[in-house]
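Student: Next input, structure requested:
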Amino acid sequence: MNGYTRRQITPAVKWLLIVNVVVYVLELIPGFGRFVLNSGTLVPVQTFAQGQLWRVVTYMFLHDQRAPFHLLFNMLALWMFAQEIETVWGTRRFLHFYFIAGIGSGCFSLFHLFSTVMKWTGVIGASGAILALLTVYAAWYPHRKVLLFFILPVNIRIVVIGYALFSLFGTLAPYGMVSHITHLGGILVAIAYLKLYPLISERSRVHSELRSERNMRRNAEKAIAKKRLYEERIDPILEKISREGMDALSTEERRILKKMAGSKDREYLKKKKIVPFDLFR
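Tutor: You can find the predicted model right below:
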């Protein structure tokens, strides 16, 4: 029913699974787990006012240690849907998107919380990034189905749209669950990415082509200048050697040949087979 079954797990997904599970185990250590949570949770006051900007990344790898299903469902969705995305995009672009989605959805939560009285409310979990991945998956494979609650087959688009509507209504409720804005933020970041990336990529491609064209023109100008140098300065010296021998060269002419023999232009002297090249090494 789904195309996510694979023989070998993709690299980025594997390491994201490992890191999330390891961090969760660290959270379970008495005393140390509290330190991990306090240091990495996304809290508006600490992130903005105290300049602890690393929290917009670290919060993605923290999950509620009292609710293991929080981690389980996120990692299950990562394993089920992200591998196909990584295979299409490649590991590097996939990781770029994952962190853009996580940081972007975290920023939605930050601004939402900072605009309310919940400035000290913390946000944890990879749900924003996971919802972004589900949004991309639904955009690519809109007719695929997933087993909702492992029982009911539902179109993946319905799942994402349902999440979006549920999260939207949740954010409108006074002091609703913080996770709603994070989920909605992940979905919006994914939609913006899918819309903007082709435009940015095309502009980047055009810029790369223009830069390549400039480099080609610059190299052509250098080649012409070098050819002119050979014709005006080097060839007359080589012709003089052919007519009169090495002893007829002036000190300046010898200096020019010696300098040329010590540069990448030495191949030109070798090709001429006129100069006893070893004299200028």
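Student: shouldn't Ile103 be in contact with Arg55?
Tutor: No - with contacts counted by CB atoms under 8 Å, Ile103 stays clear of Arg55, the gap being 10.3 Å. The way it works is simple: take the backbone N, C-alpha and C, and place the C-beta from them, glycine included.
Student: which of these two has more neighbours?
Tutor: Shown here are Ile103 and Arg55; by other CB atoms under 10 Å, Arg55 has more neighbours (24 against 19).
Student: okay, the more buried one: pLDDT?
Tutor: Looking at Arg55, its pLDDT is 91.
Student: and the chain, what are its domains?
Tutor: Residue ranges for the domains of the chain, per automatic domain parsing: 11-208, 217-280.
Student: name the helices or strands packed onto the helix of greatest length in the chain?
Tutor: Secondary structure of the chain per DSSP state H: the longest helix is helix 178-229. Contacts defined by 3 or more CB pairs under 8 Å, 6 or more residues apart in numbering; DSSP states H and E place helix 178-229 against helix 91-114, helix 127-140, helix 156-172.
Student: quick one: the residue sitting furthest away from the middle of the chain and Glu84, what's the gap?
Tutor: Here the centre of the chain is the reference, and by CA atoms, centre = their mean the most remote residue is Glu244, at 64.0 Å. The gap separating Glu244 from Glu84 is 75 Å, by CB to CB, to the nearest Å.
Student: list the contacts for the most centrally placed residue in the chain?
Tutor: Nearest to the geometric centre of the chain sits His96, at 3.1 Å (CA atoms, centre = their mean). Taking CB atoms under 8 Å, 6 or more residues apart in numbering, we find His96 in contact with no residue.
Student: Please report the distance of it from Ala164.
Tutor: 23 Å.
Student: And Ala126, by the same measure?
Tutor: From Ala126 to Ala164 the distance is 18 Å (CB to CB).
Student: Residue ranges in the protein under the pLDDT threshold?
Tutor: Within the chain, the segments meeting pLDDT under 70 span 1-7, 114-120, 147-152, 163, 166-179, 204-211, 213, 217, 220, 261-281.
Student: one more time with 80
Tutor: 1-7, 48-49, 111-121, 143-181, 198-281 (pLDDT under 80).
Student: Might you calculate how far the strand or helix carrying Leu37 sits from the centre of the chain?
Tutor: Taking DSSP states H and E as the criterion, Leu37 maps to helix 32-40. Distance, stretch centre to chain centre, for helix 32-40: 28 Å (CA atoms, centre = their mean, to the nearest Å).
Student: Just give the number of residues close to Ile18.
Tutor: When counting by other CB under 10 Å, one arrives at 10 neighbours for Ile18.
Student: So that it lines up with my notes, have the first residue be 29 from now on.
Tutor: With 29 as the first residue, the last one maps to Ile46.
Student: Tell me the buried residues in the one helix or strand it maps to?
Tutor: Using DSSP H and E, the element containing Ile46 is helix 39-55. For helix 39-55, a neighbour-count test (16 or more other CB atoms under 10 Å) marks Ala40, Val41, Leu44, Leu45, Asn48, Val51, Tyr52, Leu54, Glu55 as buried.
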